[in-house]
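S.K.: What would the 3D arrangement of this be:
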Amino acid sequence: MKENQSKIVDCTIRDGGLVNNWDFSVEFVQKLYAGLNEAGVDYMEIGYKNSPKLLKGADEAGPWRFLNDDFLRKVIPQKGNTKLSALVDIGRVDENDILPRSESLLDLIRVACYVKDVDKALKLAQVFHDRGYETTLNIMALSNVMENELLEAFEMIKESVVDVVYIVDSYGSLDYKDIEYLVNKFKTHLPNKRLGVHTHNNMQLAFSNTLVAADLGVEFLDASVYGMGRAAGNCPTELLVAHLKNTNYKLRPVLDVLEQLLVPLREKEEWGYLIPYMITGTLDEHPRSAMALRASKDKDKAVDFYDKLTTPEVSFDTK
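M.R.: This next block holds a predicted model:
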């Protein structure tokens, strides 16, 4: 039996931060890192590396929204085998804020973009690559990308230095056939790149879609403990750790952080499979309208919400 090539990238702090505005205590993040490290999880995405000056509302967000290298050294004084990752968004990062890898605790910097910005994303990835980091390109909202745009993007990506290219199901609208189709397309056009997958759980398919991708040779698997992430959340780390064959992952340390950290947090914050998120996933739409509904007094009025989304002449009341 050959060893499984899968690598789990735990995004609990980065994607989960979209739920609670990155309001995690240092102790929470330290315990999570220790647990993931003990479990053998390959990467922990500890936040965004965006630049505060380029983002509105920076003052209100927790420190994981804009990772500062000095701060990070205090949080993780002893790094284990689990590597550290950060995500940047196009137009929200000043490359002068990124230290060389030799001076940073970060190992991997991932660049997220829409297909129209792939050229800009690859320029950023080149900068990070030149500074010694592993790099990924995460093309968001793939379900809404036209074939010709994707083929154009592939041409640029093929020639770039980026290490890993991600298939991202931003709206949680893809099923196993879609994943199969996309993985095969990416493999055909990017034979020189490793692949990753990032799923959302709007239709309760995050875990199965991730397994389908892994079976097809996708190496980097995004997940989060208890599925914590924006709206319907992500593929649960604990399921991948328990289920992937021929790996050295240990489940017990993940269950430990789940019990200590995530279960109490889920009492205060909401994420995961809920009907409004199922509706936006089914309609292949961004979950923002469902998130707004869940934050309103009508949060459980699913039929009315569905009617609004499927009747073109009805606009949302924005009062």
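S.K.: so how far is D304 from S296?
M.R.: According to Cβ to Cβ, to the nearest Å, S296 and D304 sit 11 Å apart. For the C-beta atoms, the positions are set from N, CA and C on the backbone; glycine is no exception.
S.K.: which residues of the stretch 1-150 of the chain fall in strands?
M.R.: Secondary structure of the stretch 1-150 of the chain, counting by DSSP state E, counting those that start in this stretch: strands at 7-10, 43-48, 83-89, 108-113, 134-139.
S.K.: could those be laid out in a markdown table, adding mean neighbour count?
M.R.: As requested, the strands of the stretch 1-150 of the chain are arranged in a markdown table below (neighbours: other Cβ atoms under 10 Å):
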| stretch | mean neighbour count |
| --- | --- |
| strand 7-10 | 26 |
| strand 43-48 | 25 |
| strand 83-89 | 23 |
| strand 108-113 | 24 |
| strand 134-139 | 23 |
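S.K.: now stretch 264-282, how far from the centre of its chain.
M.R.: In terms of Cα atoms, centre = their mean, to the nearest Å, the centre of stretch 264-282 is set 16 Å apart from its chain centre.
S.K.: which stretches of the stretch 101-250 of the chain have low pLDDT?
M.R.: Counting by pLDDT under 70, the stretch 101-250 of the chain contains no low-confidence range.
S.K.: which one of the strands of the stretch 1-150 of the chain lies closest to M146?
M.R.: Using Cβ to Cβ as the criterion, the shortest distance between M146 and those is 12.6 Å, found for strand 134-139.
S.K.: Partner strands of that closest one and their direction?
M.R.: With DSSP bridges as the criterion, the sheet partners recorded for strand 134-139 are strand 108-113 (parallel), strand 164-168 (parallel).
S.K.: State the distance from the nearest residue to L283 once chain neighbours are set aside to S173.
M.R.: Of all residues not flanking L283 in the chain, L309 sits nearest, at 5.9 Å (Cβ to Cβ, 6 or more residues apart in numbering). With distances defined as Cβ to Cβ, the gap from L309 to S173 amounts to 13 Å.
S.K.: Need the overlap of contacts for these two.
M.R.: Both L309 and S173 are in contact with L283, E285, where contact means Cβ atoms under 8 Å, 6 or more residues apart in numbering.
S.K.: follow-up on the earlier one: among the strands paired with strand 134-139, which comes closest to K187?
M.R.: Set against K187 and scored by Cβ to Cβ, these come closest in strand 164-168, at 10.2 Å.
S.K.: I'd like the next helix or strand past the closest one.
M.R.: For strand 164-168, the following helix or strand on the C-terminal side (DSSP states H and E) is helix 176-189.
S.K.: Please enumerate residues in contact with the helix or strand containing M156?
M.R.: In this structure, M156 is located in helix 147-158 according to DSSP H and E. Applying Cβ under 8 Å, 6+ apart, the external contacts of helix 147-158 come out as 115-116, 118-119, 122, 137, 139, 142, 165, 185-186, 189-190, 192-193.
S.K.: Among the strands paired with strand 134-139, which comes closest to A58?
M.R.: Between A58 and the strands paired with strand 134-139, the tightest spacing by Cβ to Cβ is seen for strand 108-113, at 17.9 Å.
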